[in-house]
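*Asks:* I need the structure of the sequence given here:
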Amino acid sequence: MNNEAAHSRTMGMLGRWALLMVAGVVLAGCSGLPPAPRHVDQGNTVRYKIAPGDSLNVVVWGNPDLSTQITVPPDGFITTPLVEDLSAAGKTSSELARQIEQRLSKYIRDPVVTVILSNMVGEYNRQIRVVGQAANPQALQYRDGMTLLDVMIAVGGLTEYADGNDARLVRDVNGKRKEYSVRLDDLLRDGDVSANVDMLPGDVLIIPETFL
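*Replies:* Numbers count the residues shown, from 1 in each chain. Now for the predicted structure:
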């Protein structure tokens, strides 16, 4: 190979490398934020704890007159037939059932109680909040293994005005607020599964409006 050909080949390789670098800078600079990590340690499974606003179905077996449906008030204390001012917030459904049984044992023999959660609002620090151009912006109760796709299904997807690929995920990382970019258009409209990421309790998803 002569010097002129070698020089031409070298310049061609440098040109292709430069184009790749420019493309990478353009893509990375669209939002100015690092992409959200696809996989994060979501921790060990934690049993759900009752919170104010949750709806409970308290069933006392063999005693339908003592069974009731109730919504946990803001102070976290509930009252059921024969049981007054019992703290429910911060307990699992089985823990609450055992305490109701203990209270009822003063009046009936060997009560058997089941507490069923029919609507869960969830503890504030375990909620995922979605704001902006979602079809139904809301706060969702975090579930183990929850992903970005799960969240978007729960809020009904994007509005027609959403700029999904400029959405931001705000997360507390070791006590510091960090922001990441997420690609909702790619995930929902193009079916790009690489845009799906794990969610964590306390995440905030912000979906802006497009100006195009």
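
*Asks:* tally up the residues packed near the residue nearest to residue 193 when sequence neighbours are not counted, please.
*Replies:* Nearest non-adjacent residue to residue 193, counting by CB to CB, 6 or more residues apart in numbering: residue 187, 7.6 Å away. Heads up, the C-betas are built off the backbone N, CA and C, glycines and all. Residue 187: 23 surrounding residues under other CB atoms under 10 Å.

*Asks:* would you agree residue 187 is in contact with residue 149?
*Replies:* Yes - at 6.4 Å, residue 187 counts as touching residue 149 under the criterion of CB atoms under 8 Å.

*Asks:* tell me which element the spatially most central residue of the chain is part of?
*Replies:* What sits nearest the mean C-alpha location of the chain, by CA atoms, centre = their mean, is residue 128, with 3.8 Å. Counting by DSSP states H and E, the element that carries residue 128 is strand 127-132.

*Asks:* show me what the next helix or strand after that strand is in contact with.
*Replies:* Next helix or strand after strand 127-132 toward the C-terminus (DSSP H and E): strand 138-141. Contacts to strand 138-141, defined as CB atoms under 8 Å, 6 or more residues apart in numbering, come from residues 48, 120-122, 126-130, 151, 154-155.

*Asks:* which one (most neighbours) among those residues?
*Replies:* Of all those, the highest neighbour tally under other CB under 10 Å goes to residue 128, namely 25 neighbours.

*Asks:* ok, that residue touching residue 205?
*Replies:* Yes - counting by CB under 8 Å, residue 205 is a contact partner of residue 128 at 7.0 Å.

*Asks:* who touches both of those two?
*Replies:* Residues touching both residue 128 and residue 205 by CB under 8 Å, 6+ apart: residue 151.

*Asks:* for stretch 161-175, the distance to its chain's centre please.
*Replies:* 12 Å (CA atoms, centre = their mean, to the nearest Å).

*Asks:* please apply the same query to stretch 167-182.
*Replies:* On the basis of CA atoms, centre = their mean, stretch 167-182 is displaced by 13 Å from the centre of the chain it belongs to.

*Asks:* what ranges does this structure have for its strands?
*Replies:* 55-60, 68-71, 77-80, 83-87, 113-119, 127-132, 138-141, 167-173, 176-182, 204-207 (DSSP state E).

*Asks:* which strand residues bridge residue 171?
*Replies:* Residues in a beta bridge with residue 171, per DSSP bridges, are residue 178.

*Asks:* who are the contact partners of residue 168?
*Replies:* Residues near residue 168 by CB under 8 Å, 6+ apart: 31, 33, 179-182, 205-206, 208.

*Asks:* list only buried entries from those residues.
*Replies:* 31, 33, 180-182, 205-206, 208 (16 or more other CB atoms under 10 Å).

*Asks:* redo those residues as JSON lines? Include distance to residue 62 and pLDDT.
*Replies:* Formatted as JSON lines, those follow (distance: CB to CB, whole Å; pLDDT from 0 to 100):
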{"residue": "31", "distance to residue 62": "60", "pLDDT": "57"}
{"residue": "33", "distance to residue 62": "58", "pLDDT": "87"}
{"residue": "180", "distance to residue 62": "53", "pLDDT": "96"}
{"residue": "181", "distance to residue 62": "57", "pLDDT": "95"}
{"residue": "182", "distance to residue 62": "51", "pLDDT": "96"}
{"residue": "205", "distance to residue 62": "46", "pLDDT": "97"}
{"residue": "206", "distance to residue 62": "51", "pLDDT": "96"}
{"residue": "208", "distance to residue 62": "56", "pLDDT": "95"}
